[in-house]
Each structure stands twice: as structure tokens, then as C-alpha cells.
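1. this one's sequence-less:
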Ligand SMILES: Cc1cc2nc3c(=O)[nH]c(=O)nc-3n(C[C@H](O)[C@H](O)[C@H](O)COP(=O)(O)OP(=O)(O)OC[C@H]3O[C@@H](n4cnc5c(N)ncnc54)[C@H](O)[C@@H]3O)c2cc1C
């Protein structure tokens, strides 16, 4: 993946620039020692790494503002960072950039059950937001698998989803307000504990903008009362087509499960070896979970099991207690870890219309043969968010490139089937050059015109999201010469 | 001055109209929402028809001028619905015409179920629109999860046509609930009603509507709390909720499914704010933190109010020409119905903080450099 050449001008003033930052932040919060900046050289897309100019760890919104003001004056690019778990290279630095990490800002600022909101600093991890309200019977709904580590900052920037978003929506549907610092240091307050925008929907625009419009320092999030209970059922089928038809029928029947997860044979085998979840040996496996009181769960699962039976399952297993429920989820939850044990893998994230599932899965199988790389499919079937895992060997010369080429083909396939390149991981650097598959020049121009308004000098995370050739004029010419 | 109305019948037609326009355009769908900006009328009603409907994928795509009624009828056949329950403004505003889906999106119109299911913008999956230069632009798509590039879909929802004229919209739709139950509490003060609604909304019983009308149909206060889902489940939750709210006095559970006084009709009455129809008061729509509602209604004294979204949405009907914004705590107030005189004095939309107002103006300049799309409507 190509990255723009770092600015000689910026590299040349490194020492003076860093000492300027140290007039605002304590010395230990301006990190420039290469041994210490190493942790920030990449995110979870670890195939790409680069040492930044330096890393700053401000502790307040005011400090973030002061830092950005200096970077703005000096014309130094800034890469915002939460926990660095992006799978798209969203937090990858360039050599002439400052990584601005919000990890020190992790306080809960206000919990308000009556109005069902919590206000936090964005360095707080996703799981610890729920952790703060759990004992009182509430939770924060978006639950990416990385929730132990990832920060609300990154969740907002990527508009992250999770296993339960079929019912509860993704980050943007659960975000009510933010405090954001713009590139010139201006602090803006958007939204709050009330719903919807009075003017333009700034919140909707900022969510998913991958750190390119501003640095989000605080967030008001919607919290929900926990359901009385939840229970999964496991359904095995002899083909992807049948599983796909079952998913579609469940959705149509008016039950709204909180999750419908899918795993194919390849993943089931690996997961069985690794976690011994007791999954059946079959081509396609579904885990469907519903919520409510025990009686409500019975009623919903009744409908689901009836539908499942009409498709002739090779296995239909309902969790009888918490233990069995945990076992059903165990395999799904360890899927990525298990696949990682046997191979390096690249995790794709295209979304397709649910109706296209069988076709897309068949084509992925054909591409796998063509490129000679194994693929496992595990994904959120209810909303068509695929996660094909392409297995490769990072130590084998050329394998990564073959894997990337095949990944690109699969993503093109998703777009061609009526879907999109990324459902929850974001574009980052990974899918940047593929944006032209989904968008024409006018579509991309419209998006870049938004960035022009928020960050006219294109200093915030500049080499992401848009194909380099589309953004080059803006990145090269607008930046001040200072 | 009689300008001919522009009535494109295709997206490329629409693009042509805008590319060649030299003066302001007043964009409308069905013209039911009562906003009348200056300029040559441009109606999207000619861009009509459902382009794709896949019940099994819960998605529907339609041209912007498609009547909402046509969409709701198509969905009803498959037992599905627009879950955000878009309001019909005709009775409140005394307008005629057919509300279009593009108008719903342009104004981000959501009804009582917003408190549980989300707003129009939350169900909007994709848009196609024409910007102020005549360029056709698409964003989002027809799948439920999509983070590819910036979310201009949300930006277009609620932009009232000032950044581009919608030509096509796609939605996530939901199954219609099998049954509905409404818990009715009577005689509560606004403060107690907000407390009761908050208690309901913080329960695990998945409340899908919570409204309070200080002057109900029989003149006394009524608080309505809605439950939807499978028959047995609604019965169970209604019973639980009744118990949970017993401190607020006796309550009644309404389970009628059809007929003029059905639960559905009751919620339509709330959704369309019918209680304020046919008067010459100004009508405001105020979005605030629910617990701020009692204080707000107290300071508004003589004004009539109606609370939805558990108190988070306050409808206010007051004497013409009074600017209530200074009394609104954090949140925003939109002037939905007003005399021409009031409109001259009071802005329709809540003024934004200076940095945001500047972003808005710059954004308009970038999307509509000629300044012709509903100019002045949003600042
Ligand atoms: C094992 C694993 C499982 C995962 N599972 C899921 C999943 O189920 N669903 C899902 O959606 N994602 C998943 N992810 C991806 C990732 O966890 C999410 O994208 C997450 O939201 C990133 O959060 P972060 O704090 O680590 O952000 P980072 O990686 O630090 O940054 C991500 C992006 O956010 C920007 N950013 C960071 N902080 C700010 C800020 N304060 N203001 C503005 N922009 C900012 C960055 O510039 C970057 O573009 C997974 C990742 C891993 C490694």
C-alpha cells in the first residue's frame, strides 16, 4: 500500500516543533523516542507500520485544542488514535505526522439513568462504558468483538458495529452528542442528551468520518435497560443456500433476533479443534439469539425453530441453560482467534443484500480456488455483513500480495452484488484505492468537499479514505507553506 | 409573478433543471409540510415509484417523489412498515397534497416510535441526489451496514433540500408488530408523567411509545405507553409494566386492534399532533432532555403542550409571534406552524453556535455554489 511521501519541510523542523509541543504538555506526554513510539507505528492492520514524528497524549479537551492549534500553525498532519485496533489502517501514522492519542482521557463524566444517557471521555474502552452502568441494569449496545480494547473514540470514527446491531443498531444509532476539536483548535459541542439535530445532522456526518473531520474528546451515548434474558439456538444446514433462505425467512416472519451469526465448514472445523464447542459437522451453521422473559424467548424461538425445520436442518439445538448458551457462543467468539492460530489471515468486511448470500459465497469459493488461498466465512448474516477470512502465509514472499488481490476481488464482488466495501471496519488505507469501485468521481468529490469545510488544509488523517490520486491536489497544494 | 413550475420526471431531467437554473428554486415534494421558500417552484412529485422492494432483506428503494401512502401500502402487503412512523403534517398545518418519501427524508420526520426504534435518519440506507450545480451524487446504498466513505446519507436527512435535491432514497424497513397494547394513566401532572414514562423506558419491557397529553380527548391528562410485539409477549409486558407503574395511580390496558378508537388511531393522533390542528396558534417542536420537560412546560405558562418521546419531544402551541427559544434549555426548537407575520420575525430553525453556523454556510457554498437550493431556509 502506497503512502504519500513525508514532507521534508516538516521532518526538518522536528526538534523545534517537539519543543513547542512541550510548552503545552508535560514532557512525558510528548513521546518522540523511537523505542517508545514503536507501539504507535501501526494498528491491527499490522502489515503496515511507520514511525510518526512524535506521539502526544493530551489529558483534556483544552490540551487537545492547544496541540491542534500548534499543528495547524505549523502545517503538521495529525493522526487521531484511540486504542489502535483498527483493522483498516485508520490509525497508521506517516513519518511527518503527530499521533494524537486520547487514551489518557477515559473518565465517565455523567451517568443519567432517567434520561438513559452516559457522557464519557472518548479514550474510554467500549466494554468499560457498559461496565460503568452494568450493576444498575443498563448497557451500551454496540459491541464490537474488540470491545475489551477498542475505545469509544475509534468506535465513533469508524461507526463500529457488533454482533447485536441487528436489533440495536451501530454506533451512529446510539450516539447523541460529542465534543469535538477541529483542526484549528476550535472546540464544538454537538447534540447532547436530546434527540436529533435542529439543523444539519453533524453527528451523523462525524460518525464514521475516520478521524478526518475533527478529534472527538467527549461523547454522550444512549444506554439501554438490559433485557430480562437471552437465549441462542444453533442450526446446521447442508448448504449455504439453505442457510441463506432460512435467514431470509426468519427476518420476514417478524421475529427480530438480536443476532444471526453464520459460520461455514472451514471455520467450524478450525473452531472445533481450537475451542471444542461441540458444533455439528456441516456446511453452514447459524446461531440465532433472541431476548426477553423466558416465556417471550420460548415464543420467539418457537417461531424460529419452526422456520428452521421447514428447511430441513442437519442439526437444531436450543440452549437449555446458561452453560449451553455459553457453549453455543464459545465457538463463534473464538473464531477469529482460532483462525489466527492456524494461519495469518486477512479479514474482509464487505456487506451484501441478504438475498445475495448464496451467490456471493459460491463466488468466494471459486475465487479461493483461482487464487489458491483458503477462505473461511464467519459473519453477521442478519444484516449481510460478511467477514471472509483469507488465509495466507506472511513469511512466504508474494503471499500477502496475492491475498490482497483476492481480497480486492471479493470486495468488488460485494459491490457488484448490490453491497459495499465495508460494513463496520472502515476504509482507512486498506480499501482506499478500491473506493472507485463503489463511487464515481462526483460521489468522491462530494465527500471530499465535506472535509474541505472541516479541515481546509487537509491535515487530519489526510492519506486515508480517498484514493491518493483523488485527494492529491488537496493534500499537496492547500497546505500552508509555513 | 407567475413562474412556471419545474416538474422533472427523471433524475437526469432534475439534474438538467438545476444545472440550467439561474435563480432560486423552491423545492417541494407533496408540499404538505408548509415551508414556502422564495423561488421558482421545483416539484419532485414526478420522480415517483418504488424501484426495489425485498421483504426478505428488509429493504425498500423508492424515487423521492413517491407518495408515502404508496410505500406504506406496499409494505402492508408484506406485513412490514416504516418503523420510524413518519408524521403526516396535513391536519396540523391544514395543507393538502400527498406527502412524498423525499419530503419525509429531507425533513427527517419521525413519529412516536423514534424513542425506541430510531429516527428517519437511522433507517435511511442510501440516497441519490442532485447538488446545486446539477451533479448527480450517490451515497450509502441498500445494505444495512455500510461505513464506506462519509455518511452523507445522514447529512441529507434533515437538510431540507439545501445541499441537494433528493432523487432516490433507500430504507431499512421492519416487520409490523403482531399486537399492540397501550397502558393508559390518567390525571398525572407533567412532572409525574415524565417520571412514569422514564420508569417505563428504563424497564426491560421494550416500550415503543411514551406520550403525555395534558388535555386528552376528554379534557383531562392522559399518559400513553405503548408495547408492541407478539400477542403473548405484549400481554405479559403490559401486566409487568402496570405493576411497575402502580405508584402513579391506577392504569388501564388498551388492547383493541382495529376500529376508529383503536390503539393505532390513538397513536396516529399523537403522531400527527392533531390536538393542535385548526387553531391560529404558532406551533413549535422542541427537542430536549426528557427531564427538562416539566420545567419547560412550567415556564411556558399559558401555552398548550403535548409530550412525546418520554418527554424528549415537546410540542408547544402558543400565541402567535412569541419566540419561546430563550426558554428552551439545551436542545432545539423548530417553528413548525406560524403566521406569515411570525415567520418574518422568527427563524424556522434553531440558530446554531457560531462555529457550526459557519460550517453550515461553508457546506452550502460547496454543495450549492449558486445559492439556489431553498436559499435562506436553513440560514
Ligand atoms: C480482534 C478484532 C475484532 C474486531 N471486531 C470488530 C467488530 O466486531 N466490529 C467492528 O465494527 N469493528 C471491529 N474491529 C475493528 C476495531 O476494533 C474498530 O474499528 C474500533 O472502533 C477501533 O477503535 P480504536 O479505539 O482501537 O481506534 P483506532 O484503531 O485507534 O482508530 C480508528 C480510527 O479512528 C480514528 N480516531 C481515533 N480516535 C479518534 C478521536 N478521538 N477523534 C477522531 N478520530 C479518532 C483514527 O484516526 C482511526 O482512523 C475489530 C478489531 C479487532 C482487532
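-> Yes, it's here. Since this is a predicted model, take the numbers as computed values, not measurements. Numbering: from 1, shown residues only, chains lettered A, B, ... in the order given.
2. residue ranges with poor pLDDT in the stretch 251-379 of chain B?
-> B:256-263 (pLDDT under 70).
3. nearest to the ligand: which residue in it?
-> Closest residue of the stretch 251-379 of chain B to the ligand, Cβ to the nearest ligand atom: residue B:359 (16.2 Å). In short, each C-beta sits where N, CA and C put it, glycine included.
4. any idea how the chain splits into domains?
-> Chain wasn't specified; assuming chain A. A:108-225, A:228-338, A:343-432 (automatic domain parsing).
5. ah, no, chain B please
-> Structural domains annotated on chain B: B:11-175, B:179-271, B:274-345, as defined by automatic domain parsing.
6. and among these, the most buried is which?
-> Greatest average neighbour count among the domains of chain B goes to domain B:11-175 (a mean of 22), per mean count of other Cβ atoms under 10 Å in any protein chain shown.
7. now do the end-to-end distance for it.
-> Distance between the boundary residues of domain B:11-175 (Cα to Cα, to the nearest Å) amounts to 30 Å.
8. ok, is it in contact with the ligand or not?
-> No: judged by Cβ under 6 Å from any ligand atom, domain B:11-175 stays clear of the ligand, getting no closer than 8.0 Å.
9. buried set for the host helix or strand of residue A:338?
-> Assigned by DSSP states H and E, residue A:338 belongs to helix A:335-342. By neighbour count with 16 or more other Cβ atoms under 10 Å in any protein chain shown, helix A:335-342 contains the buried residues A:335, A:336, A:338, A:339, A:340.
10. export the domains of chain A to a markdown table and tack on distance to residue B:127 and mean pLDDT?
-> Below are the domains of chain A laid out as a markdown table (distance: least, Cβ to Cβ, whole Å; pLDDT from 0 to 100):
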| stretch | distance to residue B:127 | mean pLDDT |
| --- | --- | --- |
| domain A:108-225 | 12 | 97 |
| domain A:228-338 | 23 | 92 |
| domain A:343-432 | 14 | 94 |
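11. wait, which of those is closest to the ligand?
-> domain A:108-225 (2.0 Å).
12. ok, the closest one near chain B or not?
-> Yes: under the criterion of Cβ under 8 Å from any Cβ of the partner chain, chain B is reached by domain A:108-225 at A:112-117, A:137-138, A:158-159, A:161, A:165, A:169-170, A:172-173, A:182, A:186, A:188-190, A:192-205, A:207-209, A:225.
13. which residues does the residue in chain B that the ligand sits nearest to contact?
-> Nearest to the ligand in chain B, going by Cβ to the nearest ligand atom, is residue B:147, at a distance of 8.0 Å. Residue B:147 is in contact with A:158, A:159, A:208, A:422, A:423, A:424, A:425, A:426, A:427, counting by Cβ atoms under 8 Å, 6 or more residues apart in numbering or on different chains.
14. ok, back up a step: got a markdown table for the buried residues of helix A:335-342, with distance to residue A:399 too?
-> A markdown table is the format used below for the buried residues of helix A:335-342 (distance: Cβ to Cβ, whole Å):
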| residue | distance to residue A:399 |
| --- | --- |
| A:335 | 22 |
| A:336 | 19 |
| A:338 | 20 |
| A:339 | 16 |
| A:340 | 16 |
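15. how far off centre is stretch B:361-379?
-> Counting by Cα atoms, centre = their mean, to the nearest Å, stretch B:361-379 is centred 23 Å from the centre of its parent chain.
16. returning to that earlier point: would you single out the least confident of the domains of chain B?
-> Least confident of the domains of chain B, judged by mean pLDDT, is domain B:179-271 with a mean of 90.
17. that one near chain A anywhere?
-> Yes: Domain B:179-271 reaches chain A (Cβ under 8 Å from any Cβ) through B:195, B:198, B:201-204, B:206, B:229-230, B:232-233, B:236-237.
18. for residue A:174, give me phi and psi.
-> Main-chain torsions, residue A:174, degrees, to the nearest 10: phi -120, psi 10.
19. residues in contact with the closest residue to it other than its chain neighbours?
-> Closest residue to residue A:174 apart from its sequence neighbours, by Cβ to Cβ, 6 or more residues apart in numbering or on different chains: residue A:222 at 4.6 Å. When contacts are counted by Cβ under 8 Å, 6+ apart, residue A:222 touches A:116, A:117, A:140, A:141, A:174, A:175, A:176.
20. give me the three-state assignment for the closest residue to the second one other than its chain neighbours.
-> This means residue A:117. Spatial nearest neighbour of residue A:117, excluding adjacent residues (Cβ to Cβ, 6+ apart): residue A:193 at 4.8 Å. Counting by DSSP: H, G, I helix; E, B strand; the rest coil, the backbone at residue A:193 sits in coil.
21. quick one: contacts for residue A:193?
-> Taking Cβ under 8 Å, 6+ apart, we find residue A:193 in contact with A:112, A:115, A:117, A:176, A:177, A:220, B:289, B:330.
22. again, only using 7 Å
-> By Cβ atoms under 7 Å, 6 or more residues apart in numbering or on different chains, the contact list for residue A:193 reads A:112, A:115, A:117, A:176, A:220, B:289.
23. could you work out the most separated pair of these?
-> Within the contacts of residue A:193, A:112 and A:176 form the most distant pair, 10.9 Å apart (Cβ to Cβ).
24. higher neighbour count, these two?
-> In this view residue A:112 and residue A:176 are compared by other Cβ atoms under 10 Å in any protein chain shown, and residue A:176 has more residues nearby, 22 against 15.
25. wait, doesn't the more buried one sit right on residue A:220?
-> Yes: Residue A:176 is in contact with residue A:220 according to Cβ atoms under 7 Å; the separation is 4.5 Å.
26. up against the ligand, what does chain A have?
-> Counting by Cβ under 6 Å from any ligand atom, chain A comes close to the ligand at A:43-44, A:79-87, A:90-91, A:102, A:122, A:144-146, A:150-151, A:153-155, A:157-158, A:160-162, A:210-211, A:215-216, A:336, A:424-425, A:461.
27. please, which helix or strand holds the most centrally placed residue in chain B?
-> Nearest to the geometric centre of chain B sits residue B:109, at 1.9 Å (Cα atoms, centre = their mean). In the assignment (DSSP H and E), residue B:109 maps to no helix and no strand.
28. roughly how far does it sit from chain A?
-> 10 Å (Cβ to the nearest Cβ, to the nearest Å).
29. show me where the stretch 101-250 of chain B has its strands.
-> Taking DSSP state E, counting those that start in this stretch as the test, the strands found in the stretch 101-250 of chain B are B:124-130, B:136-140, B:165-172, B:174-175, B:179-186, B:207-213, B:222-229.
30. the shortest one pairs with which strands, parallel or anti?
-> What that stands for is strand B:174-175. Within its sheet, and counting by DSSP bridges, strand B:174-175 is paired with strand B:80-81 (antiparallel).
31. next, count neighbours for residue A:469.
-> Using other Cβ under 10 Å, the number of residues around residue A:469 comes to 9.
32. quick one: it is in a helix?
-> Yes: applying three-state DSSP, one finds residue A:469 inside a helix.
33. so who does it touch?
-> Neighbour list for residue A:469: empty [criterion: Cβ under 7 Å, 6+ apart].
34. buried ones only from the residues of domain A:108-225 next to chain B, please, as a ChimeraX command.
-> Applied in ChimeraX, the following selects the buried portion of those according to 16+ other Cβ under 10 Å:
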select /A:114,115,116,117,138,158,159,161,165,169,170,172,173,182,186,188,190,192,193,194,195,196,197,198,199,200,201,202,203,204,205,207,208,209,225
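35. out of the residues of domain A:108-225 next to chain B, which sit inside strands?
-> Judged by DSSP state E, strands contain the following of the residues of domain A:108-225 next to chain B: A:112, A:117, A:138, A:188, A:189, A:190, A:225.
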